[in-house]
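Participant: below is the sequence, then the predicted model.
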Amino acid sequence: MKDSARNRLEEMIASTASGDRDAFAMLYEATSSKLHAICVSVLKDRPEAEETLQEIYIRIWREADRYGASDLSPMTWLITIARNRAVDRLRARKSRTATSPSDEAASLPLTGLGAEPGVATTRVQERRLPDDCRAEIGNDRAEAVRAVYMEGLTYADLASRHDMPIGSVRDWLRRSLVRLGDCVSQ
């Protein structure tokens, strides 16, 4: 089952690379909920996560032909694109707030979101993903992955925190991310 799901995703990506809009729509249908959950988890802002998701799929459409050159599973490749774009947006937001005062009301969490079924599903996915896959990579690595890939901590910050060389941190995180991606794609 795992291999057939992987093969289907690979076929959708290859067809998307050829300009097949139907395959792209199927790819979106099959993966958007997971990628959206990642965006919400990183950004903590539903409207910004939705905008970011659109940007992610535009990038996937444009760069689908690059998937074959990667050695990643299809879901790991998609998650990497999503995470990178979400972290870029998070860093840009932090940069904007560091240079200009922000409206405190805009940063408060919205309270009435629990009534929407999509929000409840996303929240369940956000909670389950780390719990299900944390054992795959270990708690210390899971926290490091979360800090870098979900909260925007730099490799240098993490290396300093763990008193490790940056190259070791990058390798450690890459291997953890691959294992996490494999867990997520199951």
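Facilitator: Nice, I can see it. Residues are numbered from 1 along each chain as shown.

Participant: for stretch 158-165, what is the distance to the chain centroid?
Facilitator: 23 Å (C-alpha atoms, centre = their mean, to the nearest Å).

Participant: give the buried residues for that stretch.
Facilitator: 158-159, 164 (16 or more other C-beta atoms under 10 Å). No exception for glycine: its C-beta is placed from N, CA and C like everyone else's.

Participant: now do the helices in this structure.
Facilitator: Here the chain has its helices, by DSSP state H, at 2-17, 21-43, 46-63, 74-99, 117-137, 139-145, 155-162, 166-184.

Participant: which of those helices comes out lowest on mean pLDDT?
Facilitator: Sorting the helices of the chain by mean pLDDT places helix 117-137 lowest, at a mean of 52.

Participant: and the buried residues of stretch 158-165 as a markdown table, adding distance to N84?
Facilitator: As requested, the buried residues of stretch 158-165 are exported to a markdown table (distance: C-beta to C-beta, whole Å):
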| residue | distance to N84 |
| --- | --- |
| L158 | 16 |
| A159 | 19 |
| M164 | 22 |
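
Participant: from the residues you listed, which is closest to A86?
Facilitator: Set against A86, the nearest of the buried residues of stretch 158-165 by C-beta to C-beta is L158 (17.7 Å).

Participant: what's around the closest residue to that closest one other than its chain neighbours, how many residues?
Facilitator: Distances taken as C-beta to C-beta, 6 or more residues apart in numbering place V169 nearest to L158, at 5.2 Å, with adjacent residues excluded. Look at V169: counted by other C-beta atoms under 10 Å, it has 21 neighbours.

Participant: now for V169: which residues touch it?
Facilitator: 144, 155, 158-159, 162 (C-beta atoms under 8 Å, 6 or more residues apart in numbering).

Participant: how far away is it from R179?
Facilitator: 16 Å (C-beta to C-beta, to the nearest Å).

Participant: likewise A69?
Facilitator: The spacing between A69 and R179, counted by C-beta to C-beta, is 21 Å.

Participant: between those two, tell me which one has more neighbours.
Facilitator: Ranked by neighbour count (other C-beta under 10 Å), A69 and R179 place R179 first, with 17 against 6.

Participant: looking at it, that one is touching E136, isn't it?
Facilitator: Yes - judged on C-beta atoms under 8 Å, R179 makes contact with E136 at a distance of 5.2 Å.
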